[in-house]
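>>> Here is a sequence with its predicted model. Questions after.
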Amino acid sequence: MAEPTFNVLWLQSGGCGGCSMSLLCADTADFRGLLRQIGVNLLWHPALSLESGDESLAILQDCLSGKVPLHALCLEGALLRGPEGSGRFHMLAGTQEPMLHWVERRSAVAQHVVAVGSCAAFGGITAGGINPTDACGLQYEGDHAGGVLGAQWRDPSGLPVVNVAGCPTHPGWVLETLAALAQKLPMPVDALDTLGRPRAYADQLVHHACSRNEFYEYKASAVKPSDLGCMMENMGCKGTQAHADCNIRLWNGEGSCTRGGYACISCTEPGFEEPGHPFHQTPKVAGIPIGLPTDMHKAWFVALASLSKSATPQRVKLNSTSDHMVVAPLIKKTRLK
């Protein structure tokens with residue numbers, strides 16, 4: 001196998017490190033081998049690399065000077081601009097310089113810049129509440145374009161920051177994005193959606209392939225944690241609106257939030273951390289959920305929900321409010337004769 005030539009520098013700032021933890025759950029027994037297979041040379045990662053201290057600082061300086069070509073700068077975690085724009089809430093260990101400045105300068109020489117996770121992309125959990133650290137994303141501050149690099153920033157190929165949003169990110173989203181950037185043909189701008197997220201996963205909805213879809217079809221809803229029914233109507237699930245392929249590209253090969261009994265909180269969306277209501281409750285007006293399924297008009301939803309509820313099979317109704325299957329599907333012949 002040829003030596004990987006696509007150099008990736010991974011930095012971390014204001015976050016929990018969960019995206020790196022998730023990355024290590026990639027479907028492989030040889031993580032380094034998988035990186036080599038897609039052509040990626042991981043120059044340095046604060047948790048995965050052996051280099052530390054002066055050795056790691058030398059790598060960062062070589063990237064800035066051009067001695068080592070920097071093909072992709074990956075940032076995990078929001079950038080902390082406080083106090084008062086100084087960035088000194090996060091100083092890079094062993095230096096007298098804020099991480100904010102380290103990222104800004106290396107973004108200027110990188111061939112591509114990748115925001116790994118919703119914190120790096122939009123601010124995420126780190127920017128929640130009163131945001132005392134003045135945290136923001138690389139090119140977004142919540143819904144608003146700008147962030148640290150500015151709305152007009154583009155890499156040499158014409159791409160904005162590639163926002164691999166998620167809290168955490170699926171390992172496949174990150175690796176697939178790096179593999180695409182490492183190809184000789186440049187990634188086209190239309191490979192990203194309007195928020196800079198790779199459309200390879202962001203053009204899907206969490207609702208697609210959800211194991212609770214039969215309950216959704218009949219609006220047979222869960223009313224408490226552990227119920228098998230659809231969690232949209234009462235339990236705060238936003239899977240019909242959230243852009244991600246979590247139920248198509250399963251986590252750890254077999255799971256997802258909804259399959260584990262947890263409502264989707266739309267963690268790939270800017271501002272998900274402050275929905276304006278408890279995560280486990282669905283806000284309603286006159287009994288109708290405010291957050292309707294993507295592309296569905298309110299009147300059509302009301303009509304469909306009424307019709308579906310009136311036609312719900314007893315089996316589906318009973319199973320929806322149980323933590324296990326109470327009634328199995330009827331055995332019937334499906335052939336014409």
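Great, that's in hand. Numbering: from 1, shown residues only.
>>> Strands of the stretch 51-200 of the chain, residue ranges please.
Taking DSSP state E, counting those that start in this stretch to define them, one finds strands in the stretch 51-200 of the chain at 72-76, 79-80, 112-116, 135-136, 140-141, 144-145, 162-164.
>>> Would you format those strands as JSON lines with mean pLDDT included?
JSON lines is the format used below for the strands of the stretch 51-200 of the chain (pLDDT from 0 to 100):
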{"stretch": "strand 72-76", "mean pLDDT": "98"}
{"stretch": "strand 79-80", "mean pLDDT": "98"}
{"stretch": "strand 112-116", "mean pLDDT": "98"}
{"stretch": "strand 135-136", "mean pLDDT": "98"}
{"stretch": "strand 140-141", "mean pLDDT": "98"}
{"stretch": "strand 144-145", "mean pLDDT": "98"}
{"stretch": "strand 162-164", "mean pLDDT": "98"}
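>>> I'd like those strands laid out as TSV, including distance to Q183 and mean neighbour count.
C-beta: built from backbone N, CA, C; applies to glycine. Output for the strands of the stretch 51-200 of the chain, formatted as TSV (distance: least, CB to CB, whole Å; neighbours: other CB atoms under 10 Å):
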stretch	distance to Q183	mean neighbour count
strand 72-76	12	27
strand 79-80	28	28
strand 112-116	12	28
strand 135-136	30	26
strand 140-141	26	24
strand 144-145	27	16
strand 162-164	14	28
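>>> Make CSV from these and add distance to W173 to it.
Shown next, in CSV, are the strands of the stretch 51-200 of the chain (distance: least, CB to CB, whole Å):
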stretch, distance to W173
strand 72-76, 12
strand 79-80, 21
strand 112-116, 9
strand 135-136, 21
strand 140-141, 17
strand 144-145, 21
strand 162-164, 5
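>>> of all these, which lies closest to G123?
Closest approach to G123 among the strands of the stretch 51-200 of the chain (CB to CB): strand 135-136, 4.8 Å.
>>> If we go by neighbour counts, what in the top strand by length along the chain is buried?
Counting by DSSP state E, the longest strand found in the chain is strand 6-12. Within strand 6-12, the residues that qualify as buried are 6-12, counting by 16 or more other CB atoms under 10 Å.
>>> hmm, back to that, F122 is nearest to which of the strands of the stretch 51-200 of the chain?
For F122, the closest of the strands of the stretch 51-200 of the chain is strand 140-141, at 4.6 Å, according to CB to CB.
>>> so how far is that closest one off the chain centroid?
Offset of strand 140-141 from its chain centre (CA atoms, centre = their mean, to the nearest Å): 15 Å.
>>> Neighbouring strands of it in the sheet, and parallel or not?
Next to strand 140-141 in the sheet, as set by DSSP bridges, lie strand 144-145 (antiparallel).
>>> JSON lines for the buried residues of strand 6-12, including distance to G276 and pLDDT?
JSON lines is the format used below for these (distance: CB to CB, whole Å; pLDDT from 0 to 100):
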{"residue": "F6", "distance to G276": "41", "pLDDT": "97"}
{"residue": "N7", "distance to G276": "42", "pLDDT": "98"}
{"residue": "V8", "distance to G276": "37", "pLDDT": "98"}
{"residue": "L9", "distance to G276": "37", "pLDDT": "98"}
{"residue": "W10", "distance to G276": "33", "pLDDT": "98"}
{"residue": "L11", "distance to G276": "32", "pLDDT": "98"}
{"residue": "Q12", "distance to G276": "29", "pLDDT": "98"}
